[in-house]
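Q: Need a 3D model of the following:
(chains A, B, C and D)
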There are 2 protein chains.
Amino acid sequence: MTGMEESFADLAFDVFARDCPSRPTFEHITGRWGSIALMALDEGPMRFGVLRRRVEGVSEKMLSQTLQALERDGFVLRDVVTTIPPRVEYSLTPLGIETARRLRGLIDFLEGRMPEVLKAQEDYDSAKDA
Amino acid sequence: MTGMEESFADLAFDVFARDCPSRPTFEHITGRWGSIALMALDEGPMRFGVLRRRVEGVSEKMLSQTLQALERDGFVLRDVVTTIPPRVEYSLTPLGIETARRLRGLIDFLEGRMPEVLKAQEDYDSAKDA
DNA sequence: CGGGATCCGAGACGATACTG
DNA sequence: CAGTATCGTCTCGGATCCCG
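A: Numbers count the residues shown, from 1 in each chain, chains lettered A, B, ... in the order given. Presented below is the predicted three-dimensional model:
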């Protein structure tokens, strides 16, 4: 069954592999701005400017880049109305919605454990000073 | 109840806030090497060299940095045996184990959807060429 | 208003050499 | 073996200007 094993290995993505194609996509949704953009759009469709104000601290350039990556991966829809001034509405695809939900689960879990994390950091730092 | 609301806001971490203290930690566990290191250590305790070979493509420096960050945050334990040559075993804390499990859920989900993502990327790229 | 183009600094990252 | 130190490269990300 060597043939089957090989074809299965082709279909199953190996996170540990240097060139696993899921790595870039994973970085898009967990990255500095990608994750927050997904969280924001999970609240509902939003125009660029509103999204920009919702995601504190992001520059126009980075938000634009982030949204393009998420759109290319199929997580985000971009709806353009070519008026003057232009309107561009962003929303989540079904895939984007489910991804955002799972991401929120991870984030909520982490935030619930943050007191524990902050305590660990204190211990680590004070142990290092000594 | 203004006082209560404010103190609650202090305890509840706001992902959208520029200075949310959970952001750095989130990046440690979802980052390029952090996520893979957690996946690897979820398979069991491991020595530095073994871990390095398991996480394909990581340099000694980056693995060392990554593990230090994860240890400081309380996800990873570092057990040193000062012999010659030295032995250093890394393992997950209970917090690290639960985090790794949830991370694996997200990654498995994403990998299951990768065909969909790859398709979206093709469509996006071919639409752009035209 | 929603970006694209450009420039620049800061930090990530890898390769190599060295130490306990 | 398990790092640390140093260096050079390269990408990320912000600031600014511009255009439809």
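Q: Enumerate every residue touching A:P21.
A: Going by Cβ atoms under 8 Å, 6 or more residues apart in numbering or on different chains, A:P21 touches A:F13, B:M114, B:L118. All C-beta atoms are positioned from the backbone trio N, CA, C, and that covers glycine.
Q: Give me the neighbour count for the second one.
A: By the other Cβ atoms under 10 Å in any protein chain shown criterion, the neighbourhood of B:M114 contains 18 residues.
Q: Secondary structure element for it, which one?
A: Using DSSP states H and E, the secondary-structure element containing B:M114 is helix B:94-129.
Q: Help me see whether that helix makes contact with chain A, please.
A: Yes - if you take Cβ under 8 Å from any Cβ of the partner chain as the test, helix B:94-129 does meet chain A, through B:95, B:98-99, B:102-103, B:105-107, B:109-111, B:113-114, B:116-121, B:124-125.
Q: Let's see the pLDDT reported for A:A100.
A: At A:A100, the predicted lDDT confidence score is 97.
Q: so what's A:L95 up against?
A: A:L95 is in contact with A:G74, A:F75, B:R113, B:E116, B:V117, counting by Cβ under 8 Å, 6+ apart.
Q: now do A:H28
A: Contacts for A:H28 (Cβ under 8 Å, 6+ apart) come out as A:G34, A:T66, A:A69, A:L70, A:D73, A:F75.
Q: you'd agree A:G44 is in a strand?
A: No - read with DSSP: H, G, I helix; E, B strand; the rest coil, A:G44 is coil and lies in no strand.
Q: Which positions in the helix holding B:M114 come out as buried?
A: Within helix B:94-129, the residues scored as buried using 16 or more other Cβ atoms under 10 Å in any protein chain shown are B:95-96, B:99-100, B:102-103, B:106-107, B:110-111, B:113-114, B:117, B:120-121.
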